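Engineer: got a predicted model here, sequence first, then my questions.
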Amino acid sequence: MSLRYFSNFGNIMASNVKVICKRGNNVNEDYAFACEGFAYVIDGSSGITDFNVTGYESDAKWLSQGLGNALQERISNIKKGIPEIITEVIEALHSQYTTYCTVASAKNEDLPSACLSVFRTSKDKLEYFQLGDCVSLIKFKNGEIKVLFDDAVPILDHKVVSHIKAESKRQSKPIIDVLKFGKEMLIENRKKKNMNGGYWILDTTGVGISHAEVHTFDINDISQFSIMSDGFAEIVDLYRIYTYDKLILTMAEHGLEALCKELWDAQDSDPLMEKFPRLKHRDDASAVWCER
């Protein structure tokens, strides 16, 4: 990829990039992209109701695809901050969404939403934007590894998993056979989207954007960084195959495809979801890795 396309940046963010975006369910609602000037991962939130108005396989896919494509065109404009660019993109997507339905006719749990994490270089700074539960890693040249994430949604999901485990024990059935008993809790949790006491995420209203984590780092202090969807991060958070420190080193040595195969194998070794209780057999898995 020619560096001339990213001449606005003034300093190249990464000389080596890797990207993976694999479907885990019927519809891939993730989007991942990385180049010399910026990188991001979008994780669309799976629909838990039957609401679908966009004509896509799911409204969450419509949002992640529209957002991902628009960011490729706009994020390189360093005259604007990342939140400003995302706000403009969301406003355009909101206008498009209202051609499908009036937002007032949709319940909060029906509206499509997505997690988004972005890295972008701006002169000698590495800018960072995070909204939702994607996991980001930064490896500094002094050996320190920083883990950035929002645990609001995982906390809610863990409560649902605990409820399903209790139902599994009560009925003497495997986890996979009692997943439907968690749907009501999932819907109640989704109602807490972009509300105080709930969790903040990106949707077409743009309400969550002002609650994003925004940071800047000296890019000359950084050697590697990565972003991953929660489906990819399960390799650490659920299956404990790696720690995050070891994971980013393995990304550099062996790449993302090999890691995803390890994750897939762990999931397939537990088809009844008894050893590793979870809300679905497999989630979409996306990640980017960049090296300075």
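Structural biologist: Received the coordinates, thanks.

Engineer: for Gly66, see how far away Leu93 is.
Structural biologist: For Leu93, the distance to Gly66 (Cβ to Cβ, to the nearest Å) stands at 5 Å. All C-beta atoms are positioned from the backbone trio N, CA, C, and that covers glycine.

Engineer: who touches stretch 168-181?
Structural biologist: The contact list for stretch 168-181 (Cβ atoms under 8 Å, 6 or more residues apart in numbering) reads 163-165, 167, 271-274, 277-281.

Engineer: am I right that Cys115 is in a helix?
Structural biologist: No. With DSSP: H, G, I helix; E, B strand; the rest coil as the criterion, Cys115 is located in strand rather than a helix.

Engineer: so what pairs up with it in the strands?
Structural biologist: According to DSSP bridges, Asp43 are recorded as the beta-bridge partners of Cys115.

Engineer: circling back: only the buried subset of the contacts of stretch 168-181, as a ChimeraX command please.
Structural biologist: Only the buried entries of the contacts of stretch 168-181 go into this ChimeraX selection, using 16 or more other Cβ atoms under 10 Å:
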select :163,164,165,167,273,277,278,279,281
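
Engineer: looking at the contacts of stretch 168-181, which are in helices?
Structural biologist: 163-165, 167 (DSSP state H).

Engineer: between which two of the contacts of stretch 168-181 is the distance greatest?
Structural biologist: Using Cβ to Cβ, the contacts of stretch 168-181 span at most 21.2 Å, a distance reached by His163 and Pro271.

Engineer: any idea how far Trp200 lies from Gly182?
Structural biologist: Distance, Trp200 to Gly182, using Cβ to Cβ: 23 Å.

Engineer: now do the contacts for Glu262.
Structural biologist: 235, 241.

Engineer: can you pull the pLDDT of it?
Structural biologist: pLDDT recorded at Glu262 is 98.

Engineer: over to Asn11?
Structural biologist: 55.

Engineer: ok, His215 next?
Structural biologist: At His215, pLDDT is 96.

Engineer: report the beta-bridge partner residues of it.
Structural biologist: Tyr128.

Engineer: what residues does it make contact with?
Structural biologist: His215 sits next to 127-128, 148 when contact means Cβ under 8 Å, 6+ apart.
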